[in-house]
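**Student:** dropping a prediction and its sequence here:
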Amino acid sequence: MARHEPFSPRPFQLKLIMRNSPVVPEVVLPFALVRRILSYIHPRPVHRLRLCSRAVNECILDKEFAIECLINNGVSLSDPQDFSDVRDSASSLSSLRLELDRIVEQMSGVTVGNRRSMVMLPRGSPSEYDELMFLWPDTWRDVFATHFGASKSSFGKVIGPRVNNVRNSSISKKHTGLRVPRQIADFKNLIRLDLGMCGIFGQIPESIFQLTHLEFLDLGRNRIDGSIPSSIGMLGNLRVLDLQNNNFSGDIPAAIGNLSNLVHILMNENEFSGSIPQEIGKLQKLVTLNLSKNKLSGRIPDEICDLANLTQLVLSDNKLTGVLPQSIGRLHRLRRLYLNKNKLTGEIPESVGRLVELRQFVCSNNNLSGAIPVAVGRLRHLEMVDTHGNAQLGEWVWEDEEDEEQEEENGEKDNS
């Protein structure tokens, strides 16, 4: 059996192409020096050089090289005490970097290669490291998350393949796009995670819902599937939860009621099923609740009427049944009420006439019946009403406030 010799990199050839010069100087450098030069290349293009040779590939995938490359390109360590030897070494080689910059000043580019391949390096501006987290191999992701990302408070916006209509497009059924790296969960101090409309597909790491400092979570307008774990209840600081326009499925966990700081919930255009959890009624700071275009069933819980700050309640295009809660009139700040395309029955409660801030009221395509309360027509801010598609519902009547006052004046004259 042949014995494998330990791998040792051979001397590496560096070719410099000078502008307007017929002479192509060739320099053979020790691999240790080539490694040092590579560490000053920006972390995006440096990975293109992995095609040069086995030696370069192993060098770039090395953890220590990743750390050195990130430091040399100005990425700040989470702990300044880490890898002081690398930082000192980088400082001592500043003259080398100046010399290299002087050499390439008149060059159109630097071509680094060997007998197997050649790769051209443009001298462009650095890219965002948040995007690179989706492109790097796991070694680099681990290094960045562990040593450079621990102090990050914001992550995104990542630019990925965009699909205008992700649910209906044929591309949504193909495994194309980005996957959320598991290492994002290592950014323990994240306050803002903004991955909306980034072409993400598949399931996301459950550990994301354990980032307890999060205040803003946007995963909307992607192709994410799977269910929401009960661990979402750990996000006690969350103010915005945007999961709209994905392929999430399963029940909405009752643990969502633990998110006492939530202001906006956008979970529309998914595949959520089951009933609306009554625990949502605990979210006293909630302003927006949009659960439309899902497969939710059962009754509208009375507890929703406890949300005193709610201005938008959008439950349209589901499979909700039963009657409207009589206590809905307690939502005094409500401006938009959308209940269309469900299976609601019974009458429109008189208490809807007490929604003094209501602008839009849509309850079309249900099984509602009876007369429409006159008080609803007297709401002074009401701009749009749609009740069509309810065969047994009475006619809608607008009452002009001035006409009402005139009738009262006429009545007083008749009495006198």
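**Tutor:** The structure has been received and is ready for your questions.
**Student:** quick one: contacts for the nearest residue to residue 267 once chain neighbours are set aside?
**Tutor:** For residue 267, ignoring the flanking residues on the chain, the nearest one in space by Cβ to Cβ, 6 or more residues apart in numbering is residue 243 at 5.0 Å. C-betas here are computed from N, CA, C, even on glycine. Residue 243 makes contacts with 219-220, 224, 228, 266-267, 270, as judged by Cβ atoms under 8 Å, 6 or more residues apart in numbering.
**Student:** rerun at 10 Å
**Tutor:** Residue 243 makes contacts with 196, 217-222, 224, 228, 232, 265-270, 272, as judged by Cβ atoms under 10 Å, 6 or more residues apart in numbering.
**Student:** pLDDT weak spots in the stretch 101-250 of the chain?
**Tutor:** In the prediction, the stretch 101-250 of the chain carries residues with pLDDT under 70 at positions 101-128, 158-176.
**Student:** what segments of it are helices?
**Tutor:** Along the stretch 101-250 of the chain, counting by DSSP state H, counting those that start in this stretch, helices occupy 129-135, 138-143.
**Student:** and the last one, what's buried?
**Tutor:** Same thing as helix 138-143. Buried residues in helix 138-143, defined by neighbour count with 16 or more other Cβ atoms under 10 Å: 140-143.
**Student:** stretch 304-321 too?
**Tutor:** 304-307, 310-318, 320.
**Student:** any idea of the mean pLDDT for stretch 359-373?
**Tutor:** Mean pLDDT, computed over stretch 359-373, is 96.
**Student:** what's the end-to-end length of that stretch?
**Tutor:** End-to-end distance of stretch 359-373: 16 Å, with Cα to Cα, to the nearest Å as the criterion.
**Student:** can you tell me how far residue 391 is from residue 273?
**Tutor:** 27 Å (Cβ to Cβ, to the nearest Å).
**Student:** more neighbours, these two?
**Tutor:** Applying other Cβ atoms under 10 Å to residue 391 and residue 273 shows that residue 273 carries more neighbours, namely 16 against 9.
**Student:** tell me which element residue 333 falls in.
**Tutor:** Residue 333 belongs to no helix or strand when assigned by DSSP states H and E.
**Student:** which parts of the stretch 301-416 of the chain are strands?
**Tutor:** 312-314, 319-322, 336-338, 343-346, 360-362, 367-370, 384-386, 392-393 (DSSP state E, counting those that start in this stretch).
**Student:** swap in the stretch 51-200 of the chain?
**Tutor:** Ranges of strands in the stretch 51-200 of the chain, per DSSP E, counting those that start in this stretch, are 110-113, 118-121, 154-155, 192-194.
**Student:** by contact count, what packs against the third one?
**Tutor:** Looking back up the chat, that one is strand 154-155. helix 129-135, strand 192-194 (3 or more Cβ pairs under 10 Å, 6 or more residues apart in numbering; DSSP states H and E).
**Student:** now render those as JSON lines, adding distance to residue 291 and mean neighbour count.
**Tutor:** Converted to JSON lines, those look like this (distance: least, Cβ to Cβ, whole Å; neighbours: other Cβ atoms under 10 Å):
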{"stretch": "helix 129-135", "distance to residue 291": "30", "mean neighbour count": "18"}
{"stretch": "strand 192-194", "distance to residue 291": "22", "mean neighbour count": "18"}
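**Student:** can you say which of those is nearest to residue 48?
**Tutor:** helix 129-135 (11.4 Å; Cβ to Cβ).
**Student:** circling back to that earlier point, out of the helices of the stretch 101-250 of the chain, which is closest to residue 74?
**Tutor:** By Cβ to Cβ (comparing all of the helices of the stretch 101-250 of the chain), the closest turns out to be helix 129-135, at 10.6 Å.
**Student:** surely residue 348 touches residue 372?
**Tutor:** Yes - the pair residue 348 / residue 372 is scored as a contact, 5.8 Å apart, by Cβ atoms under 10 Å.
**Student:** overlap of the contact sets of the two?
**Tutor:** 363, 387, 390, 393-394.
**Student:** which residues are in contact with residue 281?
**Tutor:** Residues near residue 281 by Cβ under 10 Å, 6+ apart: 257, 301-307.
**Student:** phi first, then psi, for it.
**Tutor:** Phi and psi for residue 281, reported as degrees, to the nearest 10, are phi -60, psi -10.
**Student:** one more: residue 47?
**Tutor:** Torsion angles, degrees, to the nearest 10, at residue 47: phi -70, psi -20.
**Student:** give the contact list for the residue lying closest to residue 298 once chain neighbours are set aside.
**Tutor:** Closest residue to residue 298 apart from its sequence neighbours, by Cβ to Cβ, 6+ apart: residue 275 at 3.6 Å. Taking Cβ under 10 Å, 6+ apart, we find residue 275 in contact with 251-252, 296-301, 320.
**Student:** at 8 Å instead, please
**Tutor:** With contact taken as Cβ under 8 Å, 6+ apart, residue 275 is in contact with 251, 296-299, 301.
**Student:** which among the helices of the stretch 101-250 of the chain is found nearest to residue 70?
**Tutor:** Nearest to residue 70, of all the helices of the stretch 101-250 of the chain, is helix 138-143, at 7.1 Å by Cβ to Cβ.
**Student:** give me the contacts around that closest one.
**Tutor:** For helix 138-143, contacts defined as Cβ under 8 Å, 6+ apart pick out 43, 61-63, 66-67, 70, 132-133, 181, 183.
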